[in-house]
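Undergrad: Need a 3D model of the sequence below.
(3 chains)
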Amino acid sequence: MEILSLLGQGFATSLMPLNIGIVIVGVTLGLFIGAMPGLGSVNGVAIVLPLTFIVPPASAIIFLAALYYGAMYGGAISSILLGIPGSSTAVATTFDGRPMAQQGKAGLALIAAAGASFVGGTISVILFTLFAAPLADLALKFGPAENFALVLLAFTTFVGLGGDDTLKTIVMICLGLVLSTVGLDLITGQPRMVFFDMPGFYAGISFLVLAIGVYGIGEVLWTLEKSRVAPTVTTAKVTYSELRSAFRTLARTWKTMSVGSVLGFFVGMLPAAGATPASLMAYGIAKSTSKDPDSFGKGNIEGVVAPETANNAASTGSLLPMLSLGIPGSPTTALLLGGMVMWGLTPGPMLFAEQADFVWGLISSLYTANLAAVLINLALIPLFVWALKTPFSVLCTVVLVLCIVGGFAPDQRMHDVWLIFVFGIVGYLLRKADYPMAPLVLALVLGPVMEQSFRQALIAAQGDVTTFVTRPLSGTFVALAAVFFLLPLLSKLRKARQVTAS
Amino acid sequence: MIKSVMKPESLIALALMGFSAYLMWHATVLPIGWDGARGPGGGAFPFWLSMIMFVASSGIFLRSVLAGVRPADLTPFFEPGMLGQVLAVVLALGVTILLMPILGAYVAIPLFMLWYLRFFGRNGWTVSLSLTLITPVVLFFFFEVALLILLPKGITEPLFFPLYAMFF
Amino acid sequence: MEKNLTRRSVFGLAAAASLALAVPAQASDWQPNRPVEMVIMAGQGGGADRLARLFQSIIQQERLARMPFMPVNKGGGSGAEGLRYLKDNHGNPTIIMATLNSYFTTPIQTDLGVDIEEFTPLARMAVDTFALWVNADSGIETLDQYIEAVKAADGAWRMGGTGSGQEDSLVTALLEREFGIRHTYVPMGGGGEVATQLAGGHIDSTVNNPSEAISLWQAGRVRPIALLTPERLESMPGVPTFAELGTPLEYYMQRSFVAPGGLTEEQQTYYIDLLRALSETEVWRNYAAEQALMTDFIYGDELQAYFLSEREMHRELLASIE
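TA: Prediction:
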């Protein structure tokens, strides 16, 4: 009851006219930042944080929440329209979102992404409201061994993703993992894989650089070459009746959405995991439990819904350890944490008791921001779809410029722009030879956590490998990983048997 | 046999074999073994993964060579007549990136856009010029003014001093 | 004609005089004419990053500078990336860098071709303190109990900290040298992660900065054993120092600003004045007190001397570990 009255107060604050205005500005700005390849919520929050010391804290929090949600929704937009994931959390959205757009169903894909994000956001905020305090302890249960097992699990849900050629999939996974080791070895403190002794490699290879190169430049070159044979004209428009049928289609995916939301929330809560593994796992689960797994990757709406519910739920989930333990789970929450300290709030277990009005004010602004984000997003969809109608050469120019500038912006290094260029050309050639790109990109995202937690766990256990299976949580994950690894193989076997039987 | 080695499939596999060997060599800077009490060394992860990559790409190479030349291999790797277009865009992009730190993003990017839109994409002058002129303005306000991210200016830096004074 | 000439020359003289007067006044008033890049020698979200972004917002809020300061993270290779960037931008007066102790250790450990003596020292804003922490369920309350427990574990005691060769591992080495004990050092990503892992019992002890673990202490999950400071800290009531317990161990994390080499004295003075104004703001004072930071402001040559002596200290420390 007390929670409800506190929430009510929070809503009263966030529904004041000034604050509604702030939400609209925040969400719209966030949408554009998120839709920009290379920029994500972290950039938006970093820029806006200093401004929040000027306005009253309550409005500041609402603004940040709005921006955060806006950017999360925005990530899906470039994934679907351009095929370039706006942030690592939106990689999985490209798998089916892009094919949908190419089939002229961009509007449906965008509506699905927005609706799914809304559901994911809402379910996770409700979970947050109900179980915030007891769940915080769960995050503490995750040591290096558990983190490794979790990443392993995230990886195995993707075994089926690579396509038909197993050898090529193995090559790409290994390449991604090796590229993820470039830079400094945390454990020994020594630099490694610094090619040609270029200082740019000290910082490692960022996921965004690879994704923008492969999906942005690679895609443009690919389409350019094919443009004579099959000009990609995407005729998509959004009408009212289409909108209604889109929502009906969306409603049919309720199972995927609920799994995605709950999974996203829990995985997002874990500091080492976060929204990227969450969205990947949700996609993997949706695919492996689907009746028609082969349609995934070819424009199945569930392939958009699953990662989008999960990544939004995870972003809410990652706020939980930040508020209740003072642990940032992502760069964005780390910035928010810094902001709270500057506002004179001490995040940690005492925050819920001592600053209850702040906590519930934040939670109620999450509800408001989520609702505003879905409405604004839906209102802008016709505009985005219309943008797809621009002539091919204009679209290509804009995408290439966005790739260059978006690749430069996060760390402001020309080195990254050159890498994007190289990855673009190499990715284009490899794709022509039927090498799958998704495993490469995923391996680069998950590789660092995987290697580090593996080695940390072994050091802590004095080199005893059984630590991964003897610890209850980690053992469970390893067992699950084994199941997920074998599942696609089993179904293939079964299919093969059916074929021979008939 | 020679012909099937020269297939794009075989050549790409060969290149990947070479690259993984290079990666293996790079990884040996740090220990690649397994220290009993501390687990794998700093070079172990990249080394053994590169090794697997080498083995897998060798497999692709052998498979492709042994398969010989099939009818499917006779279709050209690149769409006929389109390779020139792709190369032109790659070259233009490379030049643009090269010019960015020298002439600045606000010269290099419009030059690229003008070339692509007008001469490569054959759009009308109105479309080409208006996009070429609007983009830098949008970039400036979005990145520099709103997000405080400075794009490279090179020798054009002094031209921006009055703009900085106006907007910051 | 003659009159004319005189008048003109008088006019010219006056103009020259006013110019002569104006030039030095303007020069000491050197101001950046473009936004200033504030390079951070560490990644996003860490302690150094949070501090630099706090400075940025104070500068903006209190209108201390005409041009905005823009944080840019160049933390690759334990700050090697930032150091190289500063060296490559010799003479550029619109770049400053927020440093931490990797400013000393990274050039010693990695061959970067960077000599920190060539950079322009600006000002030291604060030094962060260290403490020894254990999990609250361990039952350890005093330093003696700690040493006993570590000895009993026979090298299997898990000490968590930041990457190898960075501050936490140096403090651990100091402890080992001083008390003749052995830890299994588990390197992790950042201070926040280390504190959480301790609270979750995945490691047995840490040497976190107070700011990273205070909230977990208040929640009764971790416990400080002793401080590596000369005196007790107000924000850490009831926690003894190592010196009190008979072993004068001290180690600090410095938070300073430097600029590339080749800056003029006016440019250096501009930044020092700015940072001094910053260090006197109320926001900063409050923040420093809460986070147990020590805030002796030193700048210019004095700071350079401090850097060089710290570098020697770290060189010896690193040599003694290997």
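Undergrad: which parts of the helix or strand containing residue A:399 are buried?
TA: Using DSSP states H and E, residue A:399 sits within helix A:392-408. Neighbour-count burial for helix A:392-408, with 16 or more other Cβ atoms under 10 Å in any protein chain shown as criterion, is recorded at A:392-408. Yep, even glycine has a C-beta here, placed from its N, CA and C like the rest.
Undergrad: cool, and stretch B:80-95?
TA: B:82, B:85, B:86, B:89, B:90, B:92, B:93.
Undergrad: for that stretch, what is the average pLDDT?
TA: Averaged over stretch B:80-95, pLDDT sits at 91.
Undergrad: What is the neighbour count of residue 138?
TA: Going with chain A. Around residue A:138 there are 15 other residues, counting by other Cβ atoms under 10 Å in any protein chain shown.
Undergrad: Chain C is the one I meant
TA: Residues near residue C:138, counting by other Cβ under 10 Å: 16.
Undergrad: Just list the residues touching the spatially closest residue to it that is not a sequence neighbour, thanks.
TA: What sits nearest to residue C:138 in space, not counting adjacent residues and going by Cβ to Cβ, 6 or more residues apart in numbering or on different chains, is residue C:204, at 6.9 Å. Applying Cβ atoms under 8 Å, 6 or more residues apart in numbering or on different chains, we find residue C:204 in contact with C:134, C:135, C:138, C:153, C:157, C:158, C:159, C:198.
Undergrad: what's the helix or strand for the residue lying closest to residue A:91 once chain neighbours are set aside?
TA: Counting by Cβ to Cβ, 6+ apart, the nearest residue to residue A:91 once its immediate chain neighbours are dropped is residue A:85, at 4.5 Å. Assigned by DSSP H and E, residue A:85 belongs to no helix or strand.
Undergrad: Please apply the same query to residue C:226.
TA: Going by DSSP H and E, residue C:226 is part of strand C:222-227.
Undergrad: Tell me which residues of that strand come out buried.
TA: Of all the residues in strand C:222-227, those buried under the rule 16+ other Cβ under 10 Å are C:222, C:223, C:224, C:225, C:226, C:227.
Undergrad: Rounded mean pLDDT for that strand, please.
TA: Average pLDDT, strand C:222-227: 95.
Undergrad: Near residue A:462, how many other residues are there?
TA: Residue A:462 sits with 15 neighbouring residues when counted by other Cβ under 10 Å.
Undergrad: Secondary structure element holding it?
TA: Using DSSP H and E, residue A:462 sits in no helix or strand.
Undergrad: related to what we said a few turns ago, which two in the contacts of residue C:204 are spaced the farthest apart?
TA: Largest separation among the contacts of residue C:204 by Cβ to Cβ: C:153 and C:198, giving 15.5 Å.
Undergrad: Determine the longest helix present in chain A.
TA: helix A:106-140 (DSSP state H).
Undergrad: wait, does that one contact chain C?
TA: Yes. Using Cβ under 8 Å from any Cβ of the partner chain, we find that helix A:106-140 touches chain C at A:139, A:140.
Undergrad: Need phi/psi at the residue most central in space within chain C.
TA: With distances taken as Cα atoms, centre = their mean, residue C:255 lies nearest the centre of chain C, 1.9 Å away. Phi and psi for residue C:255, reported as degrees, to the nearest 10, are phi -120, psi 100.
Undergrad: re the thing from before, look at residue C:153 and residue C:198 and report which has more neighbours.
TA: residue C:198 (29 against 15).
Undergrad: now the host helix or strand of that one and strand C:222-227, what's the angle there?
TA: Secondary structure assigned from DSSP H and E places residue C:198 in helix C:191-199. Angle, helix C:191-199 to strand C:222-227, by axes from the mean of the first three to the mean of the last three Cα atoms, to 10 degrees: 110 degrees.
Undergrad: which helices and strands sit right next to helix C:191-199?
TA: When contacts are defined as 3 or more Cβ pairs under 8 Å, 6 or more residues apart in numbering or on different chains; DSSP states H and E, helix C:191-199 packs onto helix A:106-140, helix A:319-325, strand C:131-135, strand C:158-161, strand C:205-206, helix C:210-218, strand C:222-227.
Undergrad: Next, the buried residues of the helix or strand that the fourth one is followed by.
TA: In the C-terminal direction, the helix or strand that comes right after strand C:158-161 (DSSP H and E) is helix C:167-179. When neighbours are counted by 16+ other Cβ under 10 Å, the buried residues of helix C:167-179 are found to be C:167, C:168, C:169, C:170, C:171, C:172, C:173, C:174, C:175, C:176.
Undergrad: Fine by me, we can end here.
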